[in-house]
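Novice: Have a look at this prediction, sequence included:
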Amino acid sequence: MVSLEAPSSLECLSVKEAFPKKTLIKEDEKLSVPFTELPGEDPVYIGHTSDGVITLTNFRLLVKYKESFVNVPLGLIEIIECRDIFHLYISCKDARSFRCTFPTNEGCLEWFKRLSIILNPPQKIEDIFACAFYAWCKEQNSPVSPECELIKNNDDLCPYQLGQEIQRMGFKLKDIWRIYNNENYSTCPSYPKEHIVPALITDQQVEAAASFRSSRRFPSVVWRYQKNGMVIGRCSQPEVGWLGWRCKEDESFLQAIATACHSDKTGAKVPNCDVPTAVTRVRRPSKDNVSKVLIIDARSYTAALANRAKGGGMECADYYPDCEIVFMNLANIHAVRKSFHAVRNLCSPASTTDQFSWMSLMENTKWLNHISGLMKAALYAVNAVDKEERPVMVHCSDGWDRTPQIVALTEIMIDPYYRTIQGFQVLIEREWLSFGHKFGDRCSHGVNSGDTNERCPVFLQWLDCIHQLLLQFPCAFEFNEMFLVKLGQHVYSCLFGTFLCNNQQDREYAAVSSRTYSVWTLLNSVASQYKNYLYTYSKQVIRPFIQIRSLKFWSAMYLVSASSLSGTETDTMSADDLHSTDQPKDLESNRLSKTRSSMTTNEMITLRCLLFLPQSPGT
């Protein structure tokens, strides 16, 4: 577990003492901060670029031009470089890049040093801006903008409750399934506290299976298909090693899942349905009646075999006669990170790529190949559950990267509830947050998260898959593309606490829920902006085209503007070309509560900083 400073240390401090304001350093005494700060935001430096005013706070970097501005939350910045004289290049975690030009090389180097210092990984949870933002919003007599009042007055609870999901999906507890308590996170520190397991399986068997699985991530059932009673579960790789170790309790676990699904489907009584007191092998109906569990291993067979040298491995077919194993050949985080960086370099306004070779270079990044592979794996699971009527168990190596991608994508294809705004939030809370995707390490905004080898846009890649579904099935989703874009940006913004830390235990220890706002508070308070007015509820299972020729590059997320396709070099940073959160103009229409003519520049900067809404020239 990540070492975090105890939250009780704040109890005796006032907000001003806990999050004190620093003295603003001005390069020119005539300069003033060109926007209204958010609660808790602390301007640190302000100076000149070649044609604008640059301001650095504890939350963002903002460059204000005569008729436009560039706004980048610090959490979005991944790389800063001084590659050319007078030019500072900034690359962001959402694939956007921009260049800032200074009148002197000394000024450029000075701002490079300032950014380098402030972008160091946080040493404690209080260093993350979400905590200061929450504390100052809650402070009495603290000035709060109308936009922040939306959040302050609509501080929603977590949309995911296991009991509600159990009831919605129709799990038959006690008879076929039961709840296993991962009390004090003792069985698995990166798992949630409550799990659905077969009623045939004892606590001792769960613990034995956990000791046999990587990172102790034992098989856990997360979803049930109401149509036929089949389930989807998730876990990590078995620790087989070169010696070919086996675990009878783990084998019985997967066999019990197959037996439970058969009983759920047919209404047959589960043999020995009372929880046994000893570790026994599960008795089940004949092989002819019970469908085998489909184990989807996200890795390639070669990678799974190579993991045996590290103590991992894969299930042996001889030891798991009730299972069938398939390998999906999905790339690991290192290959995905390399592909994403290639996409970012290609989309950079500083790119010299000729427009006629852009598509071929995009193909060389393999980004759409990775998207296609993920969708293929999910579609394989969809057909197994829906057509073949088989339970599915998904794992990769540790079960917190490719596993949630496949599981969550499968569930949204089958279950129409997850295609609603509320259901989509529930899906993310369960599959990504509760089951321990390492947002702190993968997004590099966790405490002491300086290891670049741990970074990878895993969640952003999954959102791209949802974007592909949205394009192919425009009437199947209650939310629109802007909803996905904003969610992808706020994963990195550090304005909210939803995506902080690596797992639920770390978030509880840091008291994140009581010290930060949830991103759902913002998105729900302005839900009308993110609704898809073509949405029509349907129970239809969606099966997308997964061929690369059927996929579309997500320009609304990755491209700064159409001009970056041409690779045109510009001497100065323009708002249209280089705004890190710029979006196509057709997505901007009807997004703001006031017309452009009735809003001041300060109001627009504050609002767009909070909501990450697109800018337009001349604002």
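Specialist: Nice, I can see it. Quick caveat: nothing in here was measured; it's all calculated off a predicted structure.
Novice: Please point out which parts of stretch 113-128 sit buried.
Specialist: Within stretch 113-128, the residues that count as buried by 16 or more other CB atoms under 10 Å are 114-115, 122, 125-128. Using the backbone N, CA and C atoms, a C-beta is placed for each residue, glycine as well.
Novice: taking those residues as a set, which two sit the farthest apart in space?
Specialist: Across the buried residues of stretch 113-128, the longest distance by CB to CB is 23.5 Å; it joins R114 and I125.
Novice: how about JSON lines for the buried residues of stretch 113-128, with secondary structure, pLDDT and distance to Q468 added?
Specialist: Listed next are these as JSON lines, based on DSSP: H, G, I helix; E, B strand; the rest coil; pLDDT from 0 to 100; distance: CB to CB, whole Å:
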{"residue": "R114", "secondary structure": "helix", "pLDDT": "95", "distance to Q468": "40"}
{"residue": "L115", "secondary structure": "helix", "pLDDT": "95", "distance to Q468": "35"}
{"residue": "P122", "secondary structure": "coil", "pLDDT": "91", "distance to Q468": "34"}
{"residue": "I125", "secondary structure": "helix", "pLDDT": "92", "distance to Q468": "35"}
{"residue": "E126", "secondary structure": "helix", "pLDDT": "92", "distance to Q468": "39"}
{"residue": "D127", "secondary structure": "helix", "pLDDT": "93", "distance to Q468": "36"}
{"residue": "I128", "secondary structure": "coil", "pLDDT": "95", "distance to Q468": "32"}
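Novice: E126 reaches F19, doesn't it?
Specialist: Yes - under the criterion of CB atoms under 8 Å, E126 makes contact with F19 at 7.5 Å.
Novice: what touches both of the two?
Specialist: Common contacts of E126 and F19 (CB atoms under 8 Å, 6 or more residues apart in numbering): A132.
Novice: Report the residue spans of the chain with pLDDT below the cut-off.
Specialist: 1-12, 140-147, 150, 152-157, 271-289, 350-354, 560-619 (pLDDT under 70).
Novice: how does it look with 80?
Specialist: Scanning the chain for pLDDT under 80 picks out the ranges 1-14, 16-17, 139-158, 268-290, 349-356, 450, 560-619.
Novice: one step back: what's the closest of the buried residues of stretch 113-128 to A95?
Specialist: For these, the closest approach to A95 (CB to CB) belongs to L115, at 19.1 Å.
Novice: which one's the longest strand in the protein?
Specialist: Secondary structure of the chain per DSSP state E: the longest strand is strand 77-84.
Novice: Spell out which strands sit alongside it in the sheet and which way each one runs.
Specialist: Partners of strand 77-84 in the sheet, by DSSP bridges, are strand 87-92 (antiparallel).
Novice: chain center to the longest strand of the chain, what's the gap?
Specialist: In terms of CA atoms, centre = their mean, to the nearest Å, the centre of strand 77-84 is set 25 Å apart from its chain centre.
Novice: ok, back up a step: closest to S300 among the buried residues of stretch 113-128?
Specialist: For the buried residues of stretch 113-128, the closest approach to S300 (CB to CB) belongs to P122, at 36.0 Å.
Novice: What separation is there between that closest one and R455?
Specialist: Using CB to CB, to the nearest Å, P122 is found at 15 Å from R455.
Novice: Check Y558 too.
Specialist: From Y558 over to R455 (counting by CB to CB), the distance is 17 Å.
Novice: now swap in E481 and tell me
Specialist: 25 Å.
Novice: Could you do V343 as well?
Specialist: Distance, V343 to R455, by CB to CB: 15 Å.
Novice: I figured I196 hits I179, correct?
Specialist: Yes - I196 is in contact with I179 according to CB under 8 Å; the separation is 6.6 Å.
Novice: In terms of packing, which of these two has more residues around it?
Specialist: Neighbours were counted for I196 and for I179 using other CB atoms under 10 Å; I196 has more, 22 against 16.
Novice: Name the residues linked to the closest residue to the more buried one other than its chain neighbours by a beta bridge.
Specialist: Spatially, and ignoring its direct neighbours in sequence, I196 is nearest to V221 (4.3 Å; CB to CB, 6 or more residues apart in numbering). As for beta bridges, V221 partners with I196, G233 under DSSP bridges.
Novice: number of nearby residues for V221?
Specialist: Neighbour count of V221, defined by other CB under 10 Å: 21.
Novice: which of the residues in stretch 223-237 are buried?
Specialist: Buried residues in stretch 223-237 (16+ other CB under 10 Å): 223-225, 229-237.
Novice: Looking at the residues you listed, which are in helices?
Specialist: Among those, no member is found in helices (DSSP state H).
Novice: and which of the residues you listed is nearest to K366?
Specialist: The closest of the buried residues of stretch 223-237, once distances to K366 are taken by CB to CB, is Q237, at 24.1 Å.
Novice: Now do the same contact list for the closest residue to D401 other than its chain neighbours.
Specialist: Excluding the flanking residues, the one nearest D401 by CB to CB, 6+ apart is V458, at 5.0 Å. With contact taken as CB under 8 Å, 6+ apart, V458 is in contact with 333, 336, 401-402, 405, 437, 442.
Novice: need those residues in JSON lines with secondary structure and neighbour count, can you?
Specialist: Output for the contacts of V458, formatted as JSON lines (DSSP: H, G, I helix; E, B strand; the rest coil; neighbours: other CB atoms under 10 Å):
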{"residue": "I333", "secondary structure": "helix", "neighbour count": "21"}
{"residue": "V336", "secondary structure": "helix", "neighbour count": "22"}
{"residue": "D401", "secondary structure": "coil", "neighbour count": "22"}
{"residue": "R402", "secondary structure": "helix", "neighbour count": "29"}
{"residue": "Q405", "secondary structure": "helix", "neighbour count": "25"}
{"residue": "H437", "secondary structure": "coil", "neighbour count": "27"}
{"residue": "R442", "secondary structure": "helix", "neighbour count": "25"}
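Novice: And the furthest pair within these?
Specialist: Taking CB to CB as the measure, the contacts of V458 span a maximum distance of 13.8 Å, between V336 and H437.
Novice: So what are the sheet partners of the helix or strand where V326 lies and their directions?
Specialist: In the assignment (DSSP states H and E), V326 maps to strand 323-327. Here strand 323-327 has these sheet partners by DSSP bridges: strand 293-297 (parallel).
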